[in-house]
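Asker: Predicted model and sequence below, questions to follow.
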Amino acid sequence: MPVSTSISRIESSADLSPEVLKKLNEHLSTLEPREIIEWAIDHLPNLFQTTALGLTGLVSLDIINKITIDRDEQHLVPLIFLDTLYHFDETLDLVRRCEETYDVKFNIFKPIDCANAKEFETEHGEHLWESDESTYDYLVKVEPAQRAYEGLQVKSVITGRRRSQKGDRGEIPVLEVDSTGLIKLNPLAFWDFKQVWTYIRANEVPYNGLVDQGYRSIGDWHSTKKPASEDDERSGRWSGKEKTECGMHQDYFKMRAAFMAAKKKKEQQRQAAATAANPAPIAVASSS
Ligand SMILES: Nc1ncnc2c1ncn2[C@@H]1O[C@H](COP(=O)(O)OS(=O)(=O)O)[C@@H](OP(=O)(O)O)[C@H]1O
């Protein structure tokens, strides 16, 4: 019997023991993205889609829209977009176009207490992505994502990661559970770029105008270039650096611990500098 029929509904990641997860992945990896997403809609708890409207996420969004229409429902999977405050204008324009095309409203989360880049820079300094990239990642992606998941009570999330994007993603399964217990579904895990692009064109899916200029994977404007080669679509992200991930798909607790340690160190340096600039007066013993 396929595992899909032996599991009625998953209540939380506690239902997904390593054995169950393994069997489910064996089954899910034989399915097409639409079948995987339909399975997820029917089986996973509190399912959302988190997307930067990369080409992969757009395929999932379009598939969800088609399932929604076929089932005569309201858009079946609510959306999360993390506005880092450093997106290209074309990306923000795509958010608006997708809202119109699919009659949906994104749940948008920004870095805490910052409405725009100016406020972010007043609070955290200029060019933080250069001076302290992991603090930057934590502030613009990791913390807002966690705030979104907690605030919206997200238990499962669809992501746009694929194996053919290489790096840490070379072996990602369709279904996984992260260190916080969040269930992650990667419905296009087994598709390559050509399959994604063919779907986008064939289904007239709206996409980021920068793709027509040669961009492939699109993140913040300050760290996104066109890829160096056609067969490494994410090579334009943080090019020249070792980094290949923004942190939101890495271990949350480790990211938070590193952020807290960096914050403490900065505070100690600030205090030491203040003391050096303003030494305490030396007490002089009185002779009377
Ligand atoms: N800003 C933002 N908001 C919401 N969700 C986001 C965001 N950035 C990344 N993601 C999620 O991660 C998927 C992979 O994104 P990328 O390949 O761009 O890499 S990275 O996460 O930025 O390192 C990405 O896939 P897509 O849906 O194709 O965009 C999302 O599932």
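Answerer: Now that the structure is in, tell me what you want to look at.

Asker: Now do the phi/psi pair for whichever residue of the stretch 101-250 of the chain sits closest to the ligand.
Answerer: Of all residues in the stretch 101-250 of the chain, the one sitting closest to the ligand is residue 160 (2.3 Å; CB to the nearest ligand atom). (Glycine included, C-beta is placed from N, CA and C.) The phi and psi torsions at residue 160 (degrees, to the nearest 10) take the values phi -100, psi 30.

Asker: Repeat that for residue 178.
Answerer: The phi/psi pair for residue 178 (degrees, to the nearest 10) reads phi -90, psi -180.

Asker: Return the residues in contact with it.
Answerer: For residue 178, the contact set (CB atoms under 8 Å, 6 or more residues apart in numbering) comprises 184, 249, 251-252.

Asker: show me where the stretch 1-150 of the chain has helices.
Answerer: All helices of the stretch 1-150 of the chain, identified by DSSP state H, counting those that start in this stretch, fall at 3-6, 18-28, 33-43, 55-70, 89-102, 117-124, 128-131, 133-137, 143-151.

Asker: Out of those helices, which is closest to residue 221?
Answerer: helix 89-102 (8.7 Å; CB to CB).

Asker: Please export the C-alpha coordinates of the closest one as PDB.
Answerer: Below are the C-alpha coordinates for helix 89-102, written out as PDB (Å, rounded to 0.1, in the frame of the first residue of the first chain):
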ATOM      1  CA  ASP A  89      12.500  47.000  -7.700                       C
ATOM      2  CA  GLU A  90      11.700  44.300 -10.300                       C
ATOM      3  CA  THR A  91      11.200  41.800  -7.400                       C
ATOM      4  CA  LEU A  92       8.800  44.100  -5.500                       C
ATOM      5  CA  ASP A  93       7.000  44.700  -8.800                       C
ATOM      6  CA  LEU A  94       6.600  41.000  -9.200                       C
ATOM      7  CA  VAL A  95       5.000  40.700  -5.800                       C
ATOM      8  CA  ARG A  96       2.300  43.200  -6.900                       C
ATOM      9  CA  ARG A  97       1.800  41.400 -10.300                       C
ATOM     10  CA  CYS A  98       1.400  38.000  -8.600                       C
ATOM     11  CA  GLU A  99      -1.100  39.400  -6.100                       C
ATOM     12  CA  GLU A 100      -3.100  40.600  -9.100                       C
ATOM     13  CA  THR A 101      -2.700  37.600 -11.300                       C
ATOM     14  CA  TYR A 102      -3.500  35.000  -8.600                       C
END
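
Asker: Which strands or helices does it pack on?
Answerer: If contacts are counted by 3 or more CB pairs under 8 Å, 6 or more residues apart in numbering; DSSP states H and E, helix 89-102 sits against helix 55-70, strand 106-109.

Asker: Give me the contact list for the longest one.
Answerer: If you take CB under 8 Å, 6+ apart as the criterion, helix 55-70 is touched by 33-34, 37-38, 41, 49, 51, 53, 74-77, 79, 98, 102, 158-162, 187-188, 191, 193, 196-197, 199-200, 203, 205-208, 211, 216.

Asker: can it be found next to the ligand?
Answerer: Yes - against the ligand, helix 55-70 shows contacts by CB under 6 Å from any ligand atom at 56-57.

Asker: by how many degrees do that helix and helix 33-43 diverge?
Answerer: Going by axes from the mean of the first three to the mean of the last three CA atoms, to 10 degrees, helix 55-70 is angled at 60 degrees with respect to helix 33-43.

Asker: now the angle from helix 55-70 to helix 89-102?
Answerer: Going by the same axes, to 10 degrees, helix 55-70 makes 10 degrees with helix 89-102.

Asker: For the residue nearest the centre of the chain, give me its contacts.
Answerer: For the chain, residue 248 is the residue whose C-alpha lies nearest the centre (CA atoms, centre = their mean; 5.1 Å). Counting by CB under 8 Å, 6+ apart, residue 248 makes contact with 50, 82, 137, 141-142, 145.

Asker: for the longest helix along the chain, which positions count as buried?
Answerer: Determined from DSSP state H, the single longest helix within the chain is helix 252-277. Across helix 252-277, burial judged by 16 or more other CB atoms under 10 Å covers 252, 255, 258-259.

Asker: Then stretch 115-130?
Answerer: Neighbour-count burial for stretch 115-130, counted by 16+ other CB under 10 Å, picks out 120, 124, 128-129.

Asker: That stretch and the ligand in contact?
Answerer: No - using CB under 6 Å from any ligand atom, stretch 115-130 never reaches the ligand; the gap is at least 12.5 Å.
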